[in-house]
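J.: sequence-free structure coming up:
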């Protein structure tokens, strides 16, 4: 290991880190906002509402992320009128926009199915009790189903966040210099694959640890009532 190479190229890696921590949380946030209403639509018994969302999630979960990125980055420009729109809004023709769009749609598809499953597992008694209190359907979703489902979905959603972080390495395939892109540049400069990619791996390792730690804090906070129940049971027994 040539640590001098790593030391000299650290500014490049930090630039890549900055791009990664901008791109991934933003894609996750937008995907989360999209996934909640889409999950509710997936629960609908109306096929006109349910099937389009099912088709969306099936398409993005059934194809590789890299294919989706290539279709967006190389294919969208072929649509008529896109060039004129990109001239007016310059951000539409940048690789960052297509990476963000690809990551957002991909994570929205997976998160939709995670939330749908969690919402479907809501206790029948909770819903019936809410109806007995005179709650409307929309209020039941806001007060009962969605909060309860989000707590149950946290472990599965934390895995999706980690997968999205690791999947973000594909941003380098469409010219973005994220952590993996920085490693590819270092390798091409020095032909030192171990130094280049082990350094990137260390950065990803600490990012992964930070996400896991954050989700553990969230789970601990929102599952306090379960911890207290377990403590009570232990005291009684």
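T.: All right, it came through fine. The structure presented is a predicted model; accordingly, all values stated were derived computationally and were not measured.
J.: could you say what helices and strands the longest helix seen in the chain packs with?
T.: Using DSSP state H to define each element, the chain has its longest helix at helix 10-42. For helix 10-42, the elements it packs on are helix 47-61, helix 95-120, helix 146-167, helix 179-190, helix 193-222, judged by 3 or more Cβ pairs under 8 Å, 6 or more residues apart in numbering; DSSP states H and E. In this view, the C-beta of every residue, glycine as well, is placed from N, C-alpha and C.
J.: which parts of the longest one are buried?
T.: Along helix 193-222, the positions that meet the burial threshold by neighbour count (16 or more other Cβ atoms under 10 Å) are 195, 196, 197, 199, 200, 203, 204, 207, 211, 215.
J.: Flag the shaky bits of the chain, pLDDT-wise.
T.: 91, 223-237 (pLDDT under 70).
J.: Can I get the helices and strands packed on helix 10-42 in CSV including distance to residue 37?
T.: Putting those into CSV (distance: least, Cβ to Cβ, whole Å) gives the following:
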stretch, distance to residue 37
helix 47-61, 9
helix 95-120, 9
helix 146-167, 10
helix 179-190, 32
helix 193-222, 21
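J.: closest one to residue 32 among those?
T.: Closest of those to residue 32 is helix 95-120, at 6.2 Å (criterion: Cβ to Cβ).
J.: Tell me what angle the next helix or strand after the closest one forms with helix 146-167.
T.: Once helix 95-120 ends, the next helix or strand along the chain (criterion: DSSP states H and E) is helix 124-132. Relative orientation of helix 124-132 and helix 146-167, computed by axes from the mean of the first three to the mean of the last three Cα atoms, to 10 degrees: 130 degrees.
J.: in helix 124-132, what's buried?
T.: 127, 130.
J.: Tell me the helix or strand right after it.
T.: Immediately after helix 124-132, counting by DSSP H and E, sits helix 137-140.
J.: elements contacting that next one?
T.: Secondary elements touching helix 137-140 (3+ Cβ pairs under 8 Å, 6+ apart): helix 124-132.
J.: Which neighbouring elements make contact with the helix it packs on?
T.: Against helix 124-132 (3+ Cβ pairs under 8 Å, 6+ apart) you get helix 137-140.
J.: Any chance you could list what contacts the helix it packs on?
T.: By Cβ atoms under 8 Å, 6 or more residues apart in numbering, the residues outside helix 137-140 that reach it are 127, 130, 131.
J.: Equivalent analysis for stretch 67-74, please.
T.: By Cβ under 8 Å, 6+ apart, stretch 67-74 touches 60, 95, 98, 99, 101, 102, 105, 106, 170, 171, 173, 174.
J.: Could you tell me how far the third one is located from residue 82?
T.: For residue 98, the distance to residue 82 (Cβ to Cβ, to the nearest Å) stands at 12 Å.
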